[in-house]
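>>> need the 3D shape of this:
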Amino acid sequence: MDRQHRDHDREDAEDAEDAVIQQPTVGEAVEQPAASTESDQDPGGTQSSHRLLAYSDALISIIATVMILPVAHTKMEEDEEFKQSVRLLLTTKIAVYLMTFLIVTMAWAAHIRLFQLIVRIDDCVALLNLACMMLITFLPYTFSLMAAFPANVLGILLFCGCVMVLGVLQSLIVLYAFSRPFLLDRHVQESENREFYKHHILKVLLRVPLMCLFASILSLVLFQLSYVLLAVVIFLPYVSQSVTWCRSKVLGPPEETPDSAMFHVPSEPLSKERVEAFSDGVYAIVATLLILDICEDNVPDAAVVQKRFGGSLVAALQVYGPEYLAYFGSFATVGLLWFVHHSLFLHVTKATRLMGLMNMLSLACVGGLPLAYQLTQRFPPDSRNELEAVQTSCVIVFFAGVFQLAIWVVALHSERETLQPGVRYGGREHVFMLAKLALYPCVALGTFFLTCVLGRFSVSIFHLVQILVPFAFLLLRLLVRLLLALLPHFYRSPGVPFNPLDA
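Numbering: from 1, shown residues only. Sure thing, here's the model as predicted:
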């Protein structure tokens, strides 16, 4: 034991010596570390950025989600063909909602990248960040103009102008923070290559504003192409990553320069904690929007209660029975999708860029659940419109679950970096996690085909399934516990105690 302690002490001493004494590279002069300048010292008046980040995440999640309200509250006549209404929604408002959601979440991802370097804030940074939030909250309005007047370039110009000013404000935050290094991450403070950090983050932040500048110029000539360019902007980080990967495969990995060797900003611009916080915000807002519809549409007028129901409020509320059932079923769906998301990210150790994209697509579908709630109780019973509305709702729930499953599949691709051992291939929680994530896609798909056969009972089937799914989760957990209890009888050898981790 003493020998082991002496070996550990010797290794710690060697590590400390290596940390203090660094050998210069070839062609590099030996320099003594410069003394800390006055600007490097924290003069006070600063604070941690945690509360600013929490406020920003909450604000952005609200803005990304509330754009579903114009879609969910689109007026559709009861005798109108539902296919025509869906075509109208898909071509205008749903497309605008999806683009808004992805654009806002892209701005949120850039915010993450920015505050990976800036870990402390002062009044100036806080005010500049508030200006950024104001512009982000204005983006949905510009998209609404683009949807209402698609042939008018004013909406495009307003959107591009907001993004360009947002890029300028974020660049000012970078320049201000680097002029006061005590606001930066400790690794950046101690680095001799601050300029490289600064130029790199500025290059990342200004890519989208520059593309929006080109889109605004192009809109004055041919506005259809400007829409294409804006769609490219949404997937720009993934396009850039794909181009870099193809270049490395064809030309080989890029040569490492002294600056790049010192550069340690993560290539994946997502913080797991902020992904969880943003996702929780979206789920909470969607659940809140459901009850807002109940409060707005299902409180009877006092005069109507007196005239039609003889003053009986109970009799008046019975008319809204299907709406209450739709609310409870929709809330259960939102809550259980959050539960699955929560269960998945309990086992996630790192959120990659592709996992972030799958998460954003899943959240965009979750944001469409208020639309599903509205559709299932808007049309007359036993009508063709009602059947197609229920099937549309099944499709929304299906894709919300499928993209959650895709997060896990992407994480399994690099499981040693992204997942804890328990949910990797062969881990104890692997099959159980797969069953959790596959439950909602399978249920939604089964409900869709069941309504095709029993169309007359489509709404009843849909709501019944929504209410029964929570019990399916409980049954799934009981089956797993039963399986773990039975496993010792199959794996136990004489004289050898059973270890559940071996199973």
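
>>> packing partners of whichever helix or strand Gln170 is part of?
Taking DSSP states H and E as the definition, Gln170 sits inside helix 154-179. Applying 3 or more CB pairs under 8 Å, 6 or more residues apart in numbering; DSSP states H and E, one finds that helix 154-179 contacts helix 94-117, helix 123-148, helix 194-219, helix 223-234. Every C-beta, even on glycine, is put in place using the N, C-alpha and C of the backbone.

>>> tell me which of those is the most buried.
helix 94-117 (a mean of 22; mean count of other CB atoms under 10 Å).

>>> and the chain, what are its domain boundaries?
Structurally, the chain divides into domains by automatic domain parsing as follows: 42-250, 272-487.

>>> so which of the helices and strands packed on helix 154-179 gets nearest Thr376?
Smallest distance to Thr376 across those (CB to CB): 16.8 Å, for helix 94-117.

>>> on that earlier part again, now the helices and strands packed on helix 154-179 in TSV, please, with extra columns for distance to Arg180.
Output for those, formatted as TSV (distance: least, CB to CB, whole Å):
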stretch	distance to Arg180
helix 94-117	13
helix 123-148	9
helix 194-219	12
helix 223-234	31
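
>>> adding mean pLDDT and distance to Ala315, write those helices out as TSV.
As requested, the helices and strands packed on helix 154-179 are arranged in TSV below (pLDDT from 0 to 100; distance: least, CB to CB, whole Å):
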stretch	mean pLDDT	distance to Ala315
helix 94-117	81	38
helix 123-148	87	40
helix 194-219	86	57
helix 223-234	78	51
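
>>> buried ones in the next helix-or-strand element following the helix holding Gln170?
Using DSSP H and E, the helix or strand that follows helix 154-179 in sequence is helix 186-190. Buried positions in helix 186-190, judged by neighbour count with 16 or more other CB atoms under 10 Å: Val188.

>>> average model confidence for helix 186-190?
Throughout helix 186-190, pLDDT has a mean value of 82.

>>> just stretch 364-372 next, same as before
Averaged across stretch 364-372, pLDDT comes to 85.

>>> contacts for it?
With contacts defined as CB atoms under 8 Å, 6 or more residues apart in numbering, stretch 364-372 is touched by 64-65, 67-69, 71-72, 94, 97-98, 101-102, 282-283, 286, 289-290, 293, 330, 333-334, 337, 392-393, 396-397, 399-400, 403.

>>> of the residues you listed, buried ones?
Burial by neighbour count, judged by 16+ other CB under 10 Å, picks out 64-65, 67-69, 71-72, 94, 97-98, 101-102, 282-283, 286, 289-290, 293, 330, 333-334, 337, 392-393, 396-397, 399-400, 403 from the contacts of stretch 364-372.

>>> which of those residues fall within helices?
When DSSP state H defines the helices, the subset of those inside them is 64-65, 68-69, 71-72, 94, 97-98, 101-102, 282-283, 286, 289-290, 293, 330, 333-334, 337, 392-393, 396-397, 399-400, 403.

>>> and Pro300, its phi and psi?
With angles defined as degrees, to the nearest 10, Pro300 sits at phi -70, psi 150.

>>> on that earlier part again, tell me which of the helices and strands packed on helix 154-179 lies nearest to Arg274.
For the helices and strands packed on helix 154-179, the distance to Arg274 is smallest for helix 94-117, at 5.7 Å, taking CB to CB.

>>> export that closest one as PDB, just CAs?
Output in PDB follows, covering the C-alpha atoms of helix 94-117 (Å, rounded to 0.1, in the frame of the first residue of the first chain):
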ATOM      1  CA  ILE A  94     -47.000  25.700 -41.200                       C
ATOM      2  CA  ALA A  95     -44.000  26.400 -43.500                       C
ATOM      3  CA  VAL A  96     -43.600  29.800 -41.800                       C
ATOM      4  CA  TYR A  97     -43.800  28.100 -38.300                       C
ATOM      5  CA  LEU A  98     -41.200  25.600 -39.200                       C
ATOM      6  CA  MET A  99     -38.800  28.100 -40.700                       C
ATOM      7  CA  THR A 100     -39.300  30.400 -37.800                       C
ATOM      8  CA  PHE A 101     -38.600  27.600 -35.300                       C
ATOM      9  CA  LEU A 102     -35.500  26.500 -37.100                       C
ATOM     10  CA  ILE A 103     -34.200  30.100 -37.600                       C
ATOM     11  CA  VAL A 104     -34.800  31.000 -34.000                       C
ATOM     12  CA  THR A 105     -33.100  27.800 -32.700                       C
ATOM     13  CA  MET A 106     -30.200  28.500 -35.000                       C
ATOM     14  CA  ALA A 107     -29.800  31.900 -33.400                       C
ATOM     15  CA  TRP A 108     -30.000  30.100 -30.000                       C
ATOM     16  CA  ALA A 109     -27.200  27.800 -31.100                       C
ATOM     17  CA  ALA A 110     -25.000  30.800 -32.000                       C
ATOM     18  CA  HIS A 111     -25.800  32.200 -28.600                       C
ATOM     19  CA  ILE A 112     -24.500  29.000 -27.100                       C
ATOM     20  CA  ARG A 113     -21.300  29.200 -29.100                       C
ATOM     21  CA  LEU A 114     -20.800  32.900 -28.000                       C
ATOM     22  CA  PHE A 115     -21.200  32.200 -24.300                       C
ATOM     23  CA  GLN A 116     -19.000  29.200 -24.300                       C
ATOM     24  CA  LEU A 117     -16.200  31.800 -24.400                       C
END
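
>>> what distance separates that helix from the centre of its chain?
What separates the centre of helix 94-117 from the centre of its chain is 9 Å, taken as CA atoms, centre = their mean, to the nearest Å.
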